[in-house]
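> okay, structure incoming, though there's no sequence with it:
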(Lines give C-alpha, C1' and ligand atoms only; values in the text may rest on other atoms or scores of the structure.)
Protein backbone atom coordinates (compact mmCIF):
# COMPACT_ATOMS: atom_id res chain seq x y z
CA UNK A 1 0.00 0.00 0.00
CA UNK A 2 2.95 2.37 0.47
CA UNK A 3 3.76 4.17 -2.76
CA UNK A 4 7.18 5.66 -3.28
CA UNK A 5 8.57 7.97 -5.95
CA UNK A 6 9.24 5.88 -9.01
CA UNK A 7 9.62 6.30 -12.74
CA UNK A 8 7.23 9.17 -13.32
CA UNK A 9 6.70 11.04 -16.55
CA UNK A 10 6.94 14.27 -14.57
CA UNK A 11 9.65 15.68 -12.31
CA UNK A 12 9.40 17.27 -8.90
CA UNK A 13 10.01 21.02 -8.71
CA UNK A 14 13.60 21.76 -7.76
CA UNK A 15 14.48 23.05 -4.32
CA UNK A 16 15.35 26.74 -4.55
CA UNK A 17 13.38 27.25 -7.75
CA UNK A 18 10.07 29.11 -8.19
CA UNK A 19 7.02 27.04 -7.30
CA UNK A 20 4.86 26.28 -10.33
CA UNK A 21 1.76 28.48 -10.16
CA UNK A 22 -1.73 27.03 -10.28
CA UNK A 23 -5.37 27.90 -9.73
CA UNK A 24 -7.79 25.37 -8.24
CA UNK A 25 -11.28 25.44 -6.76
CA UNK A 26 -11.98 24.70 -3.11
CA UNK A 27 -14.92 22.69 -1.75
CA UNK A 28 -17.13 25.79 -1.70
CA UNK A 29 -16.39 26.72 -5.31
CA UNK A 30 -13.92 29.52 -4.53
CA UNK A 31 -10.79 29.74 -6.65
CA UNK A 32 -7.38 29.73 -5.00
CA UNK A 33 -4.23 30.73 -6.89
CA UNK A 34 -0.82 29.94 -5.43
CA UNK A 35 0.74 33.20 -6.68
CA UNK A 36 -1.78 35.15 -4.57
CA UNK A 37 0.34 33.99 -1.63
CA UNK A 38 3.72 34.97 -3.12
CA UNK A 39 4.64 36.95 0.01
CA UNK A 40 3.82 34.13 2.43
CA UNK A 41 4.91 30.66 3.46
CA UNK A 42 2.62 28.03 1.95
CA UNK A 43 2.31 24.32 2.70
CA UNK A 44 0.92 22.13 -0.07
CA UNK A 45 -0.42 18.82 1.24
CA UNK A 46 -1.57 16.10 -1.14
CA UNK A 47 -4.76 14.78 0.38
CA UNK A 48 -7.11 11.80 0.08
CA UNK A 49 -9.64 11.30 2.89
CA UNK A 50 -9.86 7.57 2.05
CA UNK A 51 -6.14 6.91 2.48
CA UNK A 52 -5.25 5.23 5.82
CA UNK A 53 -2.08 7.32 6.07
CA UNK A 54 -4.10 10.53 5.75
CA UNK A 55 -6.77 9.22 8.14
CA UNK A 56 -4.08 8.57 10.75
CA UNK A 57 -2.27 11.88 10.16
CA UNK A 58 -5.44 13.99 10.41
CA UNK A 59 -7.24 11.90 13.02
CA UNK A 60 -7.26 12.32 16.77
CA UNK A 61 -3.89 13.71 17.79
CA UNK A 62 -2.46 12.98 14.34
CA UNK A 63 0.70 14.86 13.37
CA UNK A 64 -0.92 16.72 10.45
CA UNK A 65 -3.81 17.96 12.55
CA UNK A 66 -1.41 19.49 15.06
CA UNK A 67 1.06 20.76 12.46
CA UNK A 68 -1.61 22.44 10.36
CA UNK A 69 -3.34 24.15 13.28
CA UNK A 70 -0.05 25.37 14.74
CA UNK A 71 1.31 26.57 11.39
CA UNK A 72 -1.86 28.41 10.42
CA UNK A 73 -2.87 29.85 13.78
CA UNK A 74 0.52 30.61 15.31
CA UNK A 75 2.88 31.08 12.39
CA UNK A 76 0.63 32.63 9.72
CA UNK A 77 1.32 29.85 7.22
CA UNK A 78 -1.10 29.31 4.35
CA UNK A 79 -2.00 25.60 4.24
CA UNK A 80 -3.60 24.13 1.11
CA UNK A 81 -4.68 20.51 0.91
CA UNK A 82 -4.91 19.26 -2.69
CA UNK A 83 -6.92 16.23 -3.75
CA UNK A 84 -5.67 15.10 -7.18
CA UNK A 85 -7.87 12.01 -7.22
CA UNK A 86 -9.84 11.37 -10.40
CA UNK A 87 -13.62 10.90 -10.50
CA UNK A 88 -14.61 7.45 -9.29
CA UNK A 89 -11.34 6.92 -7.41
CA UNK A 90 -10.82 6.55 -3.66
CA UNK A 91 -11.31 9.82 -1.77
CA UNK A 92 -12.75 11.76 -4.73
CA UNK A 93 -15.80 13.98 -4.44
CA UNK A 94 -16.71 17.23 -2.78
CA UNK A 95 -19.04 15.62 -0.21
CA UNK A 96 -16.42 13.06 0.92
CA UNK A 97 -13.86 15.82 1.32
CA UNK A 98 -16.29 18.11 3.15
CA UNK A 99 -17.14 15.27 5.57
CA UNK A 100 -13.43 14.66 6.24
CA UNK A 101 -12.78 18.37 6.78
CA UNK A 102 -15.61 18.47 9.31
CA UNK A 103 -14.62 15.21 11.05
CA UNK A 104 -11.01 16.33 11.41
CA UNK A 105 -11.80 19.99 12.18
CA UNK A 106 -9.62 21.11 9.26
CA UNK A 107 -9.39 24.88 9.13
CA UNK A 108 -7.62 25.12 5.80
CA UNK A 109 -9.05 24.69 2.31
CA UNK A 110 -9.13 21.45 0.36
CA UNK A 111 -8.61 22.11 -3.33
CA UNK A 112 -9.96 19.83 -6.06
CA UNK A 113 -7.57 18.78 -8.85
CA UNK A 114 -9.58 15.96 -10.38
CA UNK A 115 -7.77 16.02 -13.73
CA UNK A 116 -4.46 15.71 -11.85
CA UNK A 117 -2.78 18.62 -13.60
CA UNK A 118 -1.43 20.24 -10.44
CA UNK A 119 -0.49 16.91 -8.89
CA UNK A 120 1.55 16.06 -11.96
CA UNK A 121 3.04 19.56 -12.06
CA UNK A 122 4.40 18.86 -8.56
CA UNK A 123 5.14 15.16 -9.21
CA UNK A 124 2.83 14.23 -6.33
CA UNK A 125 2.83 10.46 -5.96
CA UNK A 126 1.50 9.88 -2.45
CA UNK A 127 -0.96 11.07 0.15
CA UNK A 128 0.11 12.72 2.29
CA UNK A 129 2.94 14.38 0.40
CA UNK A 130 4.23 17.76 1.45
CA UNK A 131 5.74 20.79 -0.30
CA UNK A 132 6.81 24.00 1.44
CA UNK A 133 6.86 27.18 -0.63
CA UNK A 134 8.58 30.16 0.99
CA UNK A 135 7.75 33.44 -0.75
CA UNK A 136 7.22 31.68 -4.07
CA UNK A 137 10.24 29.36 -3.86
CA UNK A 138 10.16 25.60 -3.17
CA UNK A 139 12.14 24.92 0.03
CA UNK A 140 10.97 21.44 1.08
CA UNK A 141 9.60 18.45 -0.82
CA UNK A 142 8.73 15.04 0.57
CA UNK A 143 7.31 13.20 3.55
CA UNK A 144 5.51 14.54 6.58
CA UNK A 145 7.88 12.63 8.85
CA UNK A 146 9.66 9.29 9.09
CA UNK A 147 6.77 7.57 10.85
CA UNK A 148 4.11 6.23 8.46
CA UNK A 149 0.93 5.74 10.49
CA UNK A 150 2.83 6.58 13.67
CA UNK A 151 5.59 3.98 13.33
CA UNK A 152 9.18 5.17 12.90
CA UNK A 153 10.89 3.53 9.95
CA UNK A 154 13.74 1.27 11.06
CA UNK A 155 15.05 1.66 14.58
CA UNK A 156 15.81 5.37 14.47
CA UNK A 157 14.32 8.33 16.25
CA UNK A 158 11.26 10.28 15.14
CA UNK A 159 11.94 13.11 12.66
CA UNK A 160 9.14 15.54 11.83
CA UNK A 161 10.48 16.59 8.44
CA UNK A 162 7.71 19.09 7.74
CA UNK A 163 7.74 20.56 11.25
CA UNK A 164 11.51 21.02 11.05
CA UNK A 165 11.32 22.61 7.61
CA UNK A 166 8.66 25.06 8.81
CA UNK A 167 10.63 25.95 11.95
CA UNK A 168 13.77 26.57 9.90
CA UNK A 169 11.77 28.63 7.41
CA UNK A 170 10.34 30.76 10.22
CA UNK A 171 13.83 31.22 11.67
CA UNK A 172 15.19 32.23 8.27
CA UNK A 173 17.79 29.47 8.31
CA UNK A 174 18.57 27.02 5.51
CA UNK A 175 16.45 23.88 5.45
CA UNK A 176 18.65 21.13 6.89
CA UNK A 177 16.84 18.32 5.03
CA UNK A 178 15.14 19.79 1.96
CA UNK A 179 13.99 16.56 0.34
CA UNK A 180 12.79 13.25 1.70
CA UNK A 181 11.11 10.25 0.15
CA UNK A 182 7.33 10.62 0.51
CA UNK A 183 5.24 7.69 1.70
CA UNK A 184 1.54 6.86 1.77
CA UNK A 185 -1.20 5.81 -0.62
CA UNK A 186 -0.66 6.45 -4.30
CA UNK A 187 -2.34 9.55 -5.70
CA UNK A 188 -5.41 8.22 -7.52
CA UNK A 189 -4.85 9.74 -10.95
CA UNK A 190 -7.03 8.73 -13.93
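Looks like it came in fine. Values in this document were obtained by computation on a predicted structure and should not be read as measured data.

> closest to the centroid, which residue in the protein?
Nearest residue to the geometric centre of the chain (Cα atoms, centre = their mean): residue 45, 1.2 Å.

> from residue 31, how far off is the closest residue to residue 165 other than its chain neighbours?
Take residue 165 and drop its neighbours on the chain: the residue closest to it by Cβ to Cβ, 6 or more residues apart in numbering is residue 140, 3.8 Å away. C-beta here means a position set from N, CA and C on the backbone, and glycine is covered the same way. Using Cβ to Cβ, to the nearest Å, we find residue 140 at a distance of 25 Å from residue 31.

> try residue 190
Per Cβ to Cβ, residue 190 is found 22 Å from residue 31.

> how close does residue 135 sit to residue 177?
Look at residue 135 and residue 177: by Cβ to Cβ, they are 20 Å apart.

> ugh, typo on my part, it should be residue 17
Counting by Cβ to Cβ, the separation of residue 17 from residue 177 is 18 Å.

> before we move on, what about residue 69?
When distances are taken as Cβ to Cβ, residue 69 and residue 177 turn out to be 23 Å apart.

> then residue 75?
Taking Cβ to Cβ as the criterion, residue 75 is separated from residue 177 by 19 Å.

> next: residue 86.
To residue 177, residue 86 is 32 Å away according to Cβ to Cβ.

> more neighbours: which of those two?
Higher neighbour count among residue 86 and residue 177: residue 86, with 16 against 13, using other Cβ atoms under 10 Å.

> residues contacting the more buried one?
92, 114, 115, 116, 188, 189, 190 (Cβ atoms under 8 Å, 6 or more residues apart in numbering).

> ok so, going back, what about residue 140 and residue 31, which has more around it?
Using other Cβ under 10 Å as the criterion, residue 140 and residue 31 rank with residue 140 on top: 24 against 10.

> that older thread, is it true that the residue nearest to residue 165 touches residue 160?
No. With contact taken as Cβ atoms under 8 Å, residue 140 and residue 160 are classed as non-touching, separated by 11.7 Å.

> what about this structure, any weak spots by pLDDT?
Low-confidence segments of the chain, defined by pLDDT under 70, span residues 1-10.

> mind listing the helices for it?
52-58, 63-75, 94-103, 117-121, 161-171 (DSSP state H).
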